[in-house]
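Student: Based on what follows, work out the 3D shape:
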Amino acid sequence: MTALTFVLLLFLLMALGMPIAFAMIVAGAAGIFWIGGLTAVVGVLSHVPKESGGAYEFLAIPMFLLMAEFVLRSGVADDLFQAAANWFGRVRGGLGIATALAGAGFGAICGSSTASAATLSSTSLPSMLRYGYDTRMASGVVAISGTLSMLIPPSIAMVVYALLANVSVGRMLIAGVIPGILVTFTIALTVWVLAVRNPEHAPLSEPVSWRERIVSLRGIAPMVILMAAVSGAIYTGTATPTEASALGAFCAAVLYFLRGRRTWVEVYAVLARATRTSCMLAFIIMAAHLFTTFFALTQTTQNMVAWVGSLDVNRWVIAIIIIFVILILGFFMDQMAILVLTVPVVAPLLSSLNFDLIWFGVIKIVTAEIGLVTPPLGLNCFVVAKYSKVKVGDVFWGSVPHVIAHLIIIAILVAFPAISLWLPNQMN
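Tutor: Numbers count the residues shown, from 1 in each chain. As a prediction, this is how the structure comes out:
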């Protein structure tokens, strides 16, 4: 009953507009004070921030963010979409397919879905609209393609999940590779089906010579090398995820400076954005650990595990219910908030039921992708509408076919865990 009281306090503070990190700190500290008084609160606050922000694995987050900022400012995203458009423009729905591929490529160098959606809104969406693509169809594929940054490494969401669930960051990142390819293919296939059904919604683009196609690949070669360097180093065990992230940030910085003259003001802005986002995530992770400590003191998690273990139901029923609840939460809450609220509770529960937490992490991230494009809080749809001046309602409607396709993908990933686990199981 004590735990429920302070959980309700947490949701009340969030409903009043308090940021998730502050709400968790206030509710968690109040709960600890209720149990052990001021001495307990001071004791917890004296070590939780250091253990959370000072964790070696956490250093991967600012490095990946810095890598994303450098790549974003280098102009590689434009080259990426142009190369994909040159190769697939003459396929029915080709520019939409190119957008999905560009989203996957950009996701491999940028761990932020909103940044990916904003970039695609300024590169691929104008091109599709210029060739006469249906507004809903074009904006929908941009919104859903932006979500690939959550799944394809280096994903900030994957790193945060790994830290909260206490699983290997490297294995978690690599687990997103095959599902990321599968989701990218699903987005492209959905676009193709929509284009075949309504050819007038996706006209063919102008023909491009083979020479132009091959030449366009030169522009994305640095990005491919960057992707291979980071993911390859993690997969082979040559470097830890933290070391690989530092390598990626350095290579991205070199690419950034080689592609144009830079001013100190611009460089400062890049560093400042990565720093601010890193501090925000550090604060959120610290708050999650503080609230988890309160749960541990009240033995809420242990009691929940014991209660679920006593239920006379198949463990898959419980897993599916958890996935469904997370899907519903995605309609109303920010994805990072869902991560920090649910993972510390459901991870021990699923582990007690002998589910692989790496597998569940992939399911969790793909489920979160749906929340980014569904009303009323579909953040990617609002980002696309803002940057493209398209009505947000059109973006939401254009995302509906992709939401249906994503639900099918979730069912496949649940039914066949090997899709997520085979590659990380091959790691050194």
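
Student: Low-confidence regions, the stretch 1-150 of the chain specifically.
Tutor: Regions of the stretch 1-150 of the chain meeting the criterion pLDDT under 70 cover residues 1-2, 52-54, 77, 111.

Student: Let me see the ranges of the strands in it.
Tutor: Assigned by DSSP state E, counting those that start in this stretch, the stretch 1-150 of the chain shows no strands.

Student: likewise the stretch 301-428 of the chain?
Tutor: For the stretch 301-428 of the chain, applying DSSP E, counting those that start in this stretch gives no strands.

Student: which residue sits closest to the most centrally placed residue in the chain in space, ignoring its chain neighbours?
Tutor: The residue lying closest to the centre of the chain (CA atoms, centre = their mean) is residue 150, at 1.8 Å. In this structure, residue 150 finds its nearest non-sequential neighbour in residue 157, 4.6 Å apart by CB to CB, 6 or more residues apart in numbering. Where C-beta positions appear, they are placed from N, C-alpha and C, glycine not excepted.

Student: ok, that neighbour touching residue 334?
Tutor: No. If you go by CB atoms under 8 Å, residue 157 and residue 334 don't touch, sitting 11.4 Å apart.

Student: okay, the two: which has more neighbours?
Tutor: A count of neighbours by other CB atoms under 10 Å puts residue 157 above the other of residue 157 and residue 334, at 24 against 18.

Student: Checking the more buried one next. Helix, strand or coil?
Tutor: Residue 157 falls in the helix class when you classify it by DSSP: H, G, I helix; E, B strand; the rest coil.

Student: Can you point out the buried residues in stretch 418-428?
Tutor: Across stretch 418-428, burial judged by 16 or more other CB atoms under 10 Å covers 419-421, 423-424.

Student: again, but for stretch 236-245
Tutor: For stretch 236-245, the neighbour count (16+ other CB under 10 Å) marks 239-242, 244-245 as buried.

Student: any chance of those in JSON lines, with pLDDT too?
Tutor: Converted to JSON lines, those look like this (pLDDT from 0 to 100):
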{"residue": "239", "pLDDT": "83"}
{"residue": "240", "pLDDT": "84"}
{"residue": "241", "pLDDT": "83"}
{"residue": "242", "pLDDT": "83"}
{"residue": "244", "pLDDT": "85"}
{"residue": "245", "pLDDT": "84"}
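
Student: Save those as CSV, and put in secondary structure too.
Tutor: Converted to CSV, the buried residues of stretch 236-245 look like this (three-state DSSP):
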residue, secondary structure
239, coil
240, coil
241, helix
242, helix
244, helix
245, helix
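
Student: Just give me the closest of those residues to residue 327.
Tutor: Of all these, residue 241 has the smallest distance to residue 327: 28.0 Å, by CB to CB.

Student: What separation is there between the closest one and residue 49?
Tutor: Residue 241 sits 22 Å away from residue 49 when distances are taken as CB to CB, to the nearest Å.

Student: Counting neighbours, which bits of the helix or strand encompassing residue 274 end up buried?
Tutor: Assigning secondary structure by DSSP states H and E places residue 274 in helix 264-297. Neighbour-count burial for helix 264-297 flags 270, 273-274, 277-278, 281-295, 297 (criterion: 16+ other CB under 10 Å).

Student: And for stretch 254-263?
Tutor: 255-256, 259.

Student: Check stretch 9-19 too.
Tutor: Neighbour-count burial for stretch 9-19, counted by 16+ other CB under 10 Å, picks out 9-10, 13-14, 18-19.

Student: the helices in the stretch 101-250 of the chain, which residues?
Tutor: Ranges of helices within the stretch 101-250 of the chain are 113-130, 135-146, 156-165, 169-175, 177-197, 210-236, 241-258, based on DSSP state H, counting those that start in this stretch.

Student: Adding distance to residue 204, write these out as TSV.
Tutor: As requested, the helices of the stretch 101-250 of the chain are arranged in TSV below (distance: least, CB to CB, whole Å):
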stretch	distance to residue 204
helix 113-130	12
helix 135-146	14
helix 156-165	36
helix 169-175	37
helix 177-197	10
helix 210-236	15
helix 241-258	33
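
Student: which among the buried residues of stretch 9-19 gets closest to residue 106?
Tutor: Using CB to CB, residue 19 comes nearest to residue 106 of these, at 27.5 Å.

Student: Can you give me the distance of that closest one to residue 160?
Tutor: From residue 19 to residue 160 the distance is 16 Å (CB to CB).

Student: Then residue 217?
Tutor: Distance of residue 217 to residue 160, computed by CB to CB: 34 Å.

Student: List the residues that contact the residue nearest to residue 150.
Tutor: By CB atoms under 8 Å, 6 or more residues apart in numbering, the contact set of residue 157 is 111, 113, 150, 335-336, 339, 365, 368.

Student: for residue 408, same thing?
Tutor: Residue 408 neighbours (CB under 8 Å, 6+ apart): residue 186.

Student: can you pull the pLDDT of it?
Tutor: The model reports residue 408 with a pLDDT of 94.

Student: The residue nearest to the centre of the chain is in contact with residue 368, isn't it?
Tutor: Yes. If you go by CB under 8 Å, residue 150 and residue 368 touch, sitting 6.1 Å apart.

Student: what is in contact with the two at once?
Tutor: By CB under 8 Å, 6+ apart, residue 150 and residue 368 have these common neighbours: 157, 335.
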